[in-house]
Structure formats: C-alpha cells, structure tokens
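Undergrad: here is my input, please return the structure:
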Amino acid sequence: MERRREKGLTQAQLAERLNITDRAVSKWETGKSLPDSSIMLELCGILDITVDQLLHGGREDGASGPAASPPRKTAGPRLPRRGEGRWWLAVLFSGGLLAGLLACFICDTALSGGLGWSLVAALSAGYGWAVLLPPAVLKRGGAAGSLLALSALTVPYLYGLSRLLGVGAVFTVGTAMTVVSLLFLWAGYAVFKRRGWNAVSLGLACLLLAGLTASVNGTLYLLGTTPPPDAWNGISILLLLLAAAVCFTWKRREDGAPGDG
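TA: Next comes the predicted model:
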C-alpha cells in the first residue's frame with residue numbers, strides 16, 4: 001500500500017493498469033489474497049520492487065532501481081522468436097489463401113470457360129487478407145488496427161462486390177450498415193480502451209449493442225429492405241438493456257467493498 005501511494009496511484013488506477021478490479025487490489029493490501037503469478041512481474045515493474053519484496057512486504061533502500069531490470073532483461077530475448085513465429089504464420093496464411101484462389105480459378109475456368117464467380121472469391125480473399133493479416137496474424141495495431149482496416153477497406157470491397165454481382169443494393173445497403181456498425185464499434189473500442197475490462201465497460205457495451213440493434217433495424221426499414229421492426233426486435237433490445245443493468249448493479253456491489261480509493 002505504501003509503495004503504491006509513493007507512486008501516486010490509487011487502487012483503481014493500479015487495477016486499471018493490470019486489467020483487474022480494484023477489489024482485488026484491496027484484498028492484496030488487506031492480506032486476504034496474493035497477486036496471481038501471471039501478473040506478479042508486471043505489478044513489480046509498476047511498483048518498482050522485486051518479487052521478494054512484494055511477497056514479504058518490504059523494500060530495501062537503493063534496491064528499487066536494479067529490481068525492475070531482471071524481468072525486462074529476461075523478456076527481451078524471447079521477442080524475436082515470437083515475432084519470427086508470427087511471420088511464419090503470415091506466410092502460411094497468405095499461402096493458404098493463394099492456393100485456394102488458384103483452385104477457384106482453375107475450377108471456374110474448367111466449368112465455365114472463363115472467370116466468373118472466382119473473381120468474387122478473389123476479391124473477398126483479398127479483403128480478408130488485408131483486414132486480418134496485420135492485426136490478427138502479425139499482431140500489429142491490435143484492435144485499433146482491425147478497426148482501421150475495416151473502416152478503410154469495407155466500403156471499397158462492397159463497391160467491387162456490387163459491380164461483380166451486378167446488384168447495386170449490395171453497395172448502398174452495405175455501406176449504410178457499415179457506417180452505422182463502425183460508429184458503434186469505435187465507441188465500444190473507446191470504452192474498453194479507457195476503462196479496461198470491468199463491469200462498467202461490459203454494461204456500456206450492452207448499451208451500445210442495444211443502440212446498434214435499434215439503428216440497424218431503423219436504417220434497414222428506412223431503406224425499404226425490411227418491414228417495420230417487430231416484437232422480436234424490441235425483445236432483443238430489452239434483453240441487452242437488462243444485461244447492462246445487471247453489469248452496473250454488479251459494479252455498485254463491488255464499490256461497496258472495503259478499500260481506499
């Protein structure tokens with residue numbers, strides 16, 4: 001507790017950096033439980049102490065500087081191996097898509113004497129490759145990278161798909177749904193980025209999903225592609241609102257636990 005206060009951190013701030021609840025931090029400081037081994041090194045790095053000092057509740061003078069360096073030194077050599085593994089996964093992912101596309105081209109040419117449906121497969125594969133490869137395979141950009149790729153590539157993909165299929169509604173309706181969905185996805189990302197994974201974030205996510213459901217149903221109705229929203233649409237929104245209420249109630253119960261702020 002003393003070391004946390006020296007660092008100018010509240011229980012809530014420390015919990016947010018570790019992606020846990022402030023109730024867990026309160027239990028550590030009152031001696032009711034110990035930190036999980038999976039976050040112990042990260043906790044020591046934040047507090048600038050050694051694992052031994054953390055477990056025994058003490059801190060020697062002048063030991064805080066070298067204490068945090070061993071975890072960083074041991075983590076360094078493993079990074080190239082993990083990165084190398086991701087590059088091999090990227091090669092396999094790209095090679096698998098390419099092999100599948102070649103099979104599609106061969107089958108399409110053999111059956112119809114030209115390229116038809118295989119062009120749709122090629123466009124979809126290219127879209128999937130561009131969206132999934134950097135964030136999901138190479139771990140570049142994380143969730144923000146995925147959202148940026150979706151934001152930049154979905155509308156061009158829908159346009160190309162509508163031209164290949166000769167169906168203009170694919171572009172008009174698809175673009176409207178994309179804009180609505182991306183607005184709520186970015187809002188959800190901002191919530192979890194700011195607050196971390198906790199009951200309040202989940203409650204806000206349920207509220208966003210309820211708003212997304214209502215917006216999608218309303219947009220499709222205004223575009224004339226679906227009938228007016230029915231009772232089932234209202235029930236789904238109501239269930240999401242109830243889930244949000246449960247999350248917020250759970251958070252209030254956690255806030256009632258003893259501990260300083």
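
Undergrad: from now on I want contacts and neighbour counts done on CA atoms only, so please keep to that.
TA: Will do.

Undergrad: does the spatially most central residue of the chain belong to a helix, a strand or coil?
TA: Closest residue to the average C-alpha location of the chain: A143 at 4.6 Å, with C-alpha atoms, centre = their mean. Three-state assignment for A143 (DSSP: H, G, I helix; E, B strand; the rest coil): helix.

Undergrad: now do the phi/psi pair for the residue nearest to E16 when sequence neighbours are not counted.
TA: Excluding the flanking residues, the one nearest E16 by C-alpha to C-alpha, 6 or more residues apart in numbering is G196, at 6.1 Å. The phi and psi torsions at G196 (degrees, to the nearest 10) take the values phi 80, psi -170.

Undergrad: how far away is G196 from T21?
TA: Distance, G196 to T21, by C-alpha to C-alpha, to the nearest Å: 10 Å.

Undergrad: what of K193?
TA: Taking C-alpha to C-alpha, one finds K193 at 15 Å from T21.

Undergrad: quick one: contacts for V180?
TA: Taking C-alpha atoms under 8 Å, 6 or more residues apart in numbering, we find V180 in contact with L212, S215, V216.

Undergrad: where does it land in three-state SS?
TA: Under three-state DSSP, V180 comes out as helix.

Undergrad: just the pLDDT at it, thanks.
TA: Looking at V180, its pLDDT reads 87.

Undergrad: tell me the contacts of the residue sitting furthest away from the middle of the chain?
TA: In the chain, the residue that sits farthest from the middle, by C-alpha atoms, centre = their mean, is G113; the gap is 43.8 Å. Under the criterion of C-alpha under 8 Å, 6+ apart, G113 has no neighbours.

Undergrad: which pLDDT value belongs to it?
TA: 82.

Undergrad: and what of Y221?
TA: For Y221, pLDDT reads 80.

Undergrad: and for S94, the neighbour number?
TA: 16 (other C-alpha atoms under 10 Å).

Undergrad: in terms of helices and strands, where is the closest residue to it other than its chain neighbours?
TA: Spatial nearest neighbour of S94, excluding adjacent residues (C-alpha to C-alpha, 6+ apart): W129 at 7.3 Å. Assigned by DSSP states H and E, W129 belongs to helix 117-132.

Undergrad: go on, L207?
TA: Here L207 is assigned to helix 199-222, by DSSP H and E.

Undergrad: ditto for E42
TA: helix 37-47.

Undergrad: keeping just the C-alphas, turn that helix into CSV.
TA: The C-alpha trace of helix 37-47 is given here as CSV (Å, rounded to 0.1, in the frame of the first residue of the first chain):
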residue,chain,number,x,y,z
SER,A,37,1.6,-15.3,-10.6
SER,A,38,0.7,-14.2,-14.2
ILE,A,39,0.7,-10.5,-13.2
MET,A,40,3.2,-10.5,-10.4
LEU,A,41,6.2,-9.4,-12.6
GLU,A,42,4.1,-6.6,-14.2
LEU,A,43,3.0,-5.5,-10.7
CYS,A,44,6.6,-5.4,-9.5
GLY,A,45,7.5,-3.4,-12.6
ILE,A,46,4.8,-0.8,-11.9
LEU,A,47,5.7,-0.5,-8.2
